[in-house]
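[1] Kindly return the folded structure for what I paste below:
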Amino acid sequence: MQKITKLVIAVIALVVLSITVFPQTLNVLGKSPEKPKSYYLDEIQDTTQKVRALTKEPALVFFLCSDVHYNTVKTDNRLKLDSVTDMTTNMAALKKQIQVDGLICLGDIVDAKPPTKMDETKQQIDYVMKRLQGVGVPLIYSMGNHDDNRYISRKDGTVLTPQQIESMFMRYTLPNKVIDPSMNGLNYYVDYDRLKIRVFVVDSNYQKPEDGFHWSHGFSDNTVVWFSKCLNEVPKGWSVLVLTHRRLVQNKNPGKKWIYNQMKMVETVNNFIANGGTYIATISGHIHRDYSHSKPFLEFSVAAQKCQNIEAKKGKALAPERKLNTASEDLWDVLVIRPQSRKINTVRFGAGDDREWSY
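    All right, here's what the predicted structure looks like:
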């Protein structure tokens with residue numbers, strides 16, 4: 001009888017652990033143990049076939065997403081509060097089918113705006129970063145304008161310190177990056193020797209103190225100096241890809257204060273190209289829509305990963321329609337760079353279309 005009692009107690013303890021400790025441990029480790037939902041299975045198969053067809057020649061392959069805006073605040077156009085769980089689960093499943101060099105996330109993983117509290121934002125950042133890490137490929141992250149708490153602390157200008165940003169975001173990024181020390185690692189690059197491609201991550205969230213910190217965006221003076229220096233040092237025969245939350249070229253109001261140093265950044269890239277450098281593209285997020293332009297150099301934006309329906313068209317930028325319980329709940333790309341063909345492709349997973357450009 002005593003043995004049976006001990007056995008019952010042991011079983012109960014195991015059940016409790018499975019409900020509490022084990023899931024928390026999985027979250028801490030950043031694992032993605034879930035299986036994809038049934039309505040994603042065809043999308044996984046279709047994406048696999050398309051990527052395999054593109055990678056018959058040498059290529060770099062990345063998962064690419066932006067603007068997760070994970071939060072607990074329901075907005076009018078929000079269909080689903082947590083879409084990042086599905087995304088990372090689907091990425092982990094697709095990784096079993098194709099070779100992937102990394103995961104690029106272009107910022108705004110949280111909303112970080114009232115009524116969310118700072119402690120809640122920290123928890124949300126921790127959860128999403130561990131989900132991204134849990135996909136199991138090197139993470140390349142570019143900070144978004146919502147990520148540093150500026151919209152919560154409008155009155156006093158309190159944002160996350162560089163040390164907090166390092167511990168909450170950048171420590172999850174790939175270890176072999178070359179950082180800009182003046183920007184606490186917000187600017188960095190990584191080399192892919194196999195195909196002679198240098199990938200830059202450039203911070204676009206500079207805040208001018210005289211603007212009250214809250215609504216300014218742009219590229220700091222330190223960023224301009226570092227970016228120009230590093231472009232000049234790119235080895236001959238190498239190509240350059242730039243990742244940033246906001247694109248370098250703004251078609252409207254280029255002189256507005258919240259696009260600080262935009263023209264200097266554009267001039268830096270134009271000089272690189274004029275001196276014989278190969279510039280693949282700038283890839284950005286921020287506008288929550290798919291968009292591209294080819295002058296003065298190729299830039300394109302990716303639509304928001306968060307599951308929302310917004311105004312479908314804004315100028316030439318398009319927002320795909322999202323529907324619950326369909327593959328369009330999710331939205332991200334597989335980015336394929338093919339130096340031999342001088343092509344760059346995005347194979348869309350979920351809502352939206354595939355795209356291809358020459359460079």
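[2] Checking the residue nearest to residue 298 when sequence neighbours are not counted next. Helix, strand or coil?
    Distances taken as CB to CB, 6 or more residues apart in numbering place residue 281 nearest to residue 298, at 4.2 Å, with adjacent residues excluded. In short, each C-beta sits where N, CA and C put it, glycine included. With DSSP: H, G, I helix; E, B strand; the rest coil as the basis, the three-state label of residue 281 is strand.
[3] Just list whatever residues bridge to the nearest residue to residue 260 once chain neighbours are set aside.
    Excluding its sequence neighbours, the residue lying closest to residue 260 (CB to CB, 6+ apart) is residue 218, at 2.7 Å. Residue 218 forms beta bridges with residue 205, residue 260, as assigned by DSSP bridges.
[4] okay, and for the stretch 51-200 of the chain, where does confidence drop off?
    153-158 (pLDDT under 70).
[5] how about 80 then?
    Filtered on pLDDT under 80, the stretch 51-200 of the chain yields the residue ranges 72-76, 113-118, 150-159, 162.
[6] Identify the residues contacting residue 136.
    92, 95 (CB atoms under 8 Å, 6 or more residues apart in numbering).
[7] Report the beta-bridge partners for the spatially most central residue of the chain.
    Nearest residue to the geometric centre of the chain (CA atoms, centre = their mean): residue 105, 1.3 Å. In this entry, residue 105 is beta-bridged to residue 65, residue 141, by DSSP bridges.
[8] Quick check: it touching residue 139?
    Yes: between residue 105 and residue 139 there is a contact under CB atoms under 8 Å: 7.0 Å.
[9] burial measure for residue 260, as a count.
    Using other CB atoms under 10 Å, residue 260 is surrounded by 22 other residues.
[10] err, residue 320, not the other one
    17.
[11] how far away is it from residue 353?
    Distance of residue 320 to residue 353, computed by CB to CB, to the nearest Å: 8 Å.
[12] residues shared between the contacts of the two?
    residue 290.
[13] And for residue 176, nearest residue in space, chain neighbours not counted?
    Nearest non-adjacent residue to residue 176, counting by CB to CB, 6+ apart: residue 190, 6.2 Å away.
[14] what is in contact with residue 105 and residue 139 at once?
    With CB under 8 Å, 6+ apart as the test, residue 105 and residue 139 both reach residue 132.
[15] just to revisit the earlier point, can you pull the contacts of the residue nearest to residue 298?
    241, 242, 297, 298, 299, 300, 344, 357, 359.
[16] quick one: the residue nearest to residue 260 and residue 259 touch, right?
    Yes: contact criterion CB under 8 Å: residue 218 and residue 259 qualify, at 5.3 Å.
[17] For the stretch 1-150 of the chain, which segments count as helices?
    Counting by DSSP state H, counting those that start in this stretch, the stretch 1-150 of the chain has helices at residues 2-19, 21-29, 41-54, 84-95, 118-133.
[18] Contacts for stretch 82-92 next, please.
    Defining contact as CB under 8 Å, 6+ apart, one finds that stretch 82-92 is touched by 32, 34-37, 40, 43-44, 63, 65, 68, 70, 103, 109, 128, 131-132, 134-136, 305-307, 329-332, 349.
[19] In it, which residues are buried?
    82, 83, 84, 86, 87, 88, 89, 90, 91, 92 (16 or more other CB atoms under 10 Å).
[20] chain center to that stretch: distance?
    13 Å (CA atoms, centre = their mean, to the nearest Å).
[21] For residue 39, give its distance to residue 332.
    When residue 39 is compared with residue 332 (using CB to CB), they lie 16 Å apart.
[22] Quick check on those two: which one has the bigger neighbour count.
    Taking neighbours as other CB under 10 Å, residue 39 and residue 332 compare with residue 332 leading, 29 against 14.
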